[in-house]
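>>> got a sequence here, can you model it:
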Amino acid sequence: MLGLALDKFGITLDDFTAGLPIRLKEKKPYTYASLNLHALSFFQKDPEFREALNEADKIRFDGIAAIWLARLSGSGKVEKIGSDVLMDSLYEHGSRRRWGFFLLGGPRGAAKSAADKINEVYPDLQILGTHHGYFNRSEEDRIIARINSLSPDILIVGMGMPKQEKWIRRNRNKLKVGLITSCGAYIEQISEKGLGYFPKWANRFHLSWLLRVIKNPNKIAGRYIADAAAFFPLLAKAVFNRFANLSNLDSKR
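Numbers count the residues shown, from 1 in each chain. Here you go, the predicted model:
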């Protein structure tokens, strides 16, 4: 799919969380990226972003557009895992197992505010530290040193695409954590609205994108239109390849 190995996608949320305890003990950064309509747009035009996804250990589907492409490409397991759904699962497991978290991203003060709101729902969750996402290259080593000194099990990075993926790719081998997962604007959203920003029915019916547009039309609508324009050529190519493969199978029979 788009040059990405299909085995990067073949994992459900339950499978993913079931395998985490072993990975976290190893303290070898395991990276979990996301693929949605916005990512598909960057994938076509940004070589560094493509490399970041290619080097990720697993990729989750965070949008119906990516799911359509995966199904057409023949991916076995297709499950939408939004950032809010993933994080709620990590918080539940983390509270029971005493995993430590670090939140990196959002404007100044957003990560700390998000941590406070998360602890209101999960009071036993260990959020060891936070830092905003508006820093430059000269500050990276200091921030990484702080993260490593706290030794969190899970690092949540929310700087928006494609910045967060490039940052993770560039620094993953410097970090002494078990899991690094990207989350887009999740930290900022949680800091403002708290957990439950998207109701469960929105995830179930793949309508989170519509709620984003309704809540913030000036910021989001234009981006979705541009991303959709980039997506349809990919969809047409995937449909063509699918029928071409089916035709080849029929001819061989």
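>>> shaky segments in the protein?
Applying pLDDT under 70 to the chain flags residues 1, 10, 75-77, 198-224, 226-227, 238, 242-253.
>>> can you give me the helices in it?
Listed in chain order, the helices of the chain (DSSP state H) span 13-26, 37-45, 47-55, 64-73, 83-97, 110-121, 137-150, 163-171, 186-193, 200-204, 208-215, 217-252.
>>> list the buried residues in the fifth one.
By neighbour count on 16 or more other Cβ atoms under 10 Å, the buried set for helix 83-97 is 83-91, 94. Heads up, the C-betas are built off the backbone N, CA and C, glycines and all.
>>> what angle sits between it and helix 186-193?
90 degrees (axes from the mean of the first three to the mean of the last three Cα atoms, to 10 degrees).
>>> what's helix 83-97 packed up against?
Helices and strands touching helix 83-97, by 3 or more Cβ pairs under 8 Å, 6 or more residues apart in numbering; DSSP states H and E, are helix 13-26, strand 100-105, strand 154-158, helix 186-193.
>>> how far out from the middle of the chain is stretch 229-244?
Between the mean C-alpha location of stretch 229-244 and the chain-wide mean there is a distance of 24 Å, by Cα atoms, centre = their mean, to the nearest Å.
>>> contacts for that stretch?
1-2, 37, 40-41, 44-45, 65, 68-69, 72-73 (Cβ atoms under 8 Å, 6 or more residues apart in numbering).
>>> got the CA coordinates for that stretch in CSV?
C-alpha atoms of stretch 229-244 as CSV (Å, rounded to 0.1, in the frame of the first residue of the first chain):
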residue,chain,number,x,y,z
ALA,A,229,-8.0,16.5,-3.8
ALA,A,230,-4.7,14.6,-3.1
PHE,A,231,-6.5,11.4,-2.0
PHE,A,232,-8.8,10.7,-5.0
PRO,A,233,-5.9,10.0,-7.4
LEU,A,234,-4.6,7.5,-4.9
LEU,A,235,-8.0,5.9,-4.6
ALA,A,236,-8.4,5.7,-8.4
LYS,A,237,-5.0,4.0,-8.6
ALA,A,238,-5.8,1.5,-5.8
VAL,A,239,-9.1,0.6,-7.6
PHE,A,240,-7.3,0.1,-10.9
ASN,A,241,-4.6,-2.1,-9.2
ARG,A,242,-7.3,-4.1,-7.4
PHE,A,243,-9.2,-4.9,-10.6
ALA,A,244,-6.0,-5.5,-12.5
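>>> give me the beta-bridge partners of residue 61?
As for beta bridges, residue 61 partners with residue 35, residue 80 under DSSP bridges.
>>> residues in contact with it?
Contacts of residue 61 (Cβ under 8 Å, 6+ apart): 9, 34-36, 67, 70, 78-81.
>>> dump those residues to a markdown table, plus distance to residue 137 and neighbour count.
Converted to a markdown table, the contacts of residue 61 look like this (distance: Cβ to Cβ, whole Å; neighbours: other Cβ atoms under 10 Å):
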| residue | distance to residue 137 | neighbour count |
| --- | --- | --- |
| 9 | 32 | 22 |
| 34 | 24 | 25 |
| 35 | 26 | 25 |
| 36 | 27 | 23 |
| 67 | 35 | 19 |
| 70 | 34 | 24 |
| 78 | 37 | 16 |
| 79 | 36 | 17 |
| 80 | 34 | 18 |
| 81 | 31 | 19 |
